[in-house]
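Visitor: return a 3D structure for these sequence lines:
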Amino acid sequence: MTVTGPVPAAVLGITDAHTHTWIEPVPGTRPGLPVLFDQANIGAELRDFRASGGRSLVDCQPGGCGRNGRIMRELSESSDVQIVACTGFHLRQYYPPDAWIYLPATTAEAACAYFVEELTVGLRETQSLTEPVLAGFIKIACEADIAQVPEQLLEAAARAGRECDVAMEVHTEKGADAEKIVRRLAEYGFPPARLIICHIDKRPDFGLHRELARAGVTLEYDTFYREKYQPERNVWPLLEKMVAAGLDEHVVIATDMAEAAMWTRLGGQPGQTAFTGQILPQMQEIGFGEQSIQRLMSGNIARLLAREGRQNQGGA
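Guide: Just a heads-up that it's a prediction; the model follows:
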């Protein structure tokens, strides 16, 4: 399910499995948080991405902390880049103090109903449109200690994901508590096979990654451009080990470009085109086979985002 409607999973094409295309400033939050709200330049860079061979982006900004589904649809239509939006919740710091999602009185039932609403009726900020934008998956965020995440929100996300049969991406703080996250969501009935653990390449423990993959979990790697995480020493060798172990069906590739400083058109580097212009060629240079590359950059995320059963619309 994209912001412009359902598409067959087979046409998702080269896909950045976790990024951000629009983040409005949120009153009441601390200064210095990431924002992306220059529509002209963002649109131009998405066109650059499309021209370079990129096809789709998975946007991980939930409602209430800067998301705008109306503009995301406009960006998609103007660039011919397919964008998949999410429902769910982010870290507490990205919301104003009175955000209802984090109020102690918010129940699992209320949060679950909200997530299901955005998956089946439309993102709240688009529900007045003739054709509201639907969320295509659930994105949640965990602090470094899972005990700091409201239990009712974990329960709600698992219930909504199970009810609507959609994938869930989970922000982690450098992979912290990944094992506990998988177990906790499974306790609420959410299947590991629909779960994507994000930023876990910041914790480059191959043994851990292997065990999570064998349990059915998908791992999202996104530090390819982040020199402070030493990608040549960490993420690339880790990715090579996962491919060599035959676990490439459990990894998706992303960039997490939430900061304006990463967008060329906004004055930074490396830009959206690096996904196809840097990451893809390096995979080829290392010697990954065509099947592995297709899985890592397209097939795996398309399979996870596919909506089955009663939620299936147009093969999406």
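Visitor: any idea of the mean pLDDT in stretch 61-68?
Guide: Mean pLDDT, computed over stretch 61-68, is 98.
Visitor: list the contacts of that stretch.
Guide: Stretch 61-68 has contacts (Cβ atoms under 8 Å, 6 or more residues apart in numbering) with 20, 22-26, 29, 35, 59, 85-90, 94-95, 99-101, 118, 123-125, 139, 258. For every residue, glycine as well, the C-beta is placed using N, CA and C.
Visitor: any of those residues buried? List them.
Guide: Among the contacts of stretch 61-68, those classed as buried by 16 or more other Cβ atoms under 10 Å are 20, 22-23, 26, 29, 35, 59, 85-90, 94-95, 99, 101, 118, 123-125, 139, 258.
Visitor: show me where the stretch 51-200 of the chain has its strands.
Guide: 56-59, 82-84, 86-88, 137-141, 168-171, 195-197 (DSSP state E, counting those that start in this stretch).
Visitor: would you format those as a markdown table with distance to Thr107 included?
Guide: Listed next are those as a markdown table, based on distance: least, Cβ to Cβ, whole Å:
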| stretch | distance to Thr107 |
| --- | --- |
| strand 56-59 | 27 |
| strand 82-84 | 28 |
| strand 86-88 | 16 |
| strand 137-141 | 16 |
| strand 168-171 | 20 |
| strand 195-197 | 23 |
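Visitor: re earlier: in helices, which of the contacts of stretch 61-68 fall?
Guide: Counting by DSSP state H, the contacts of stretch 61-68 place Glu118 in helices.
Visitor: what's the closest non-adjacent residue to Ser78?
Guide: Closest residue to Ser78 apart from its sequence neighbours, by Cβ to Cβ, 6 or more residues apart in numbering: Gly43 at 5.0 Å.
Visitor: just checking, that neighbour touches Ser79?
Guide: Yes - counting by Cβ atoms under 8 Å, Gly43 does reach Ser79; the two are 5.7 Å apart.
Visitor: ok, these two, which is more surrounded?
Guide: Neighbours per residue (other Cβ atoms under 10 Å) separate Gly43 from Ser79, with Ser79 holding more: 23 against 20.
Visitor: what residues are up against that one?
Guide: Gly43, Leu46, Arg47, Phe49, Arg50.
Visitor: again, 10 Å this time
Guide: Going by Cβ atoms under 10 Å, 6 or more residues apart in numbering, Ser79 touches 21, 42-51, 54, 57, 272.
Visitor: can you put those residues in CSV and add pLDDT, distance to Asn300 and secondary structure?
Guide: Formatted as CSV, those follow (pLDDT from 0 to 100; distance: Cβ to Cβ, whole Å; DSSP: H, G, I helix; E, B strand; the rest coil):
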residue, pLDDT, distance to Asn300, secondary structure
Thr21, 98, 21, coil
Ile42, 98, 26, helix
Gly43, 98, 28, helix
Ala44, 98, 29, helix
Glu45, 98, 25, helix
Leu46, 98, 22, helix
Arg47, 98, 26, helix
Asp48, 98, 24, helix
Phe49, 98, 19, helix
Arg50, 98, 21, helix
Ala51, 98, 24, helix
Gly54, 98, 16, coil
Leu57, 98, 15, strand
Gln272, 98, 20, coil
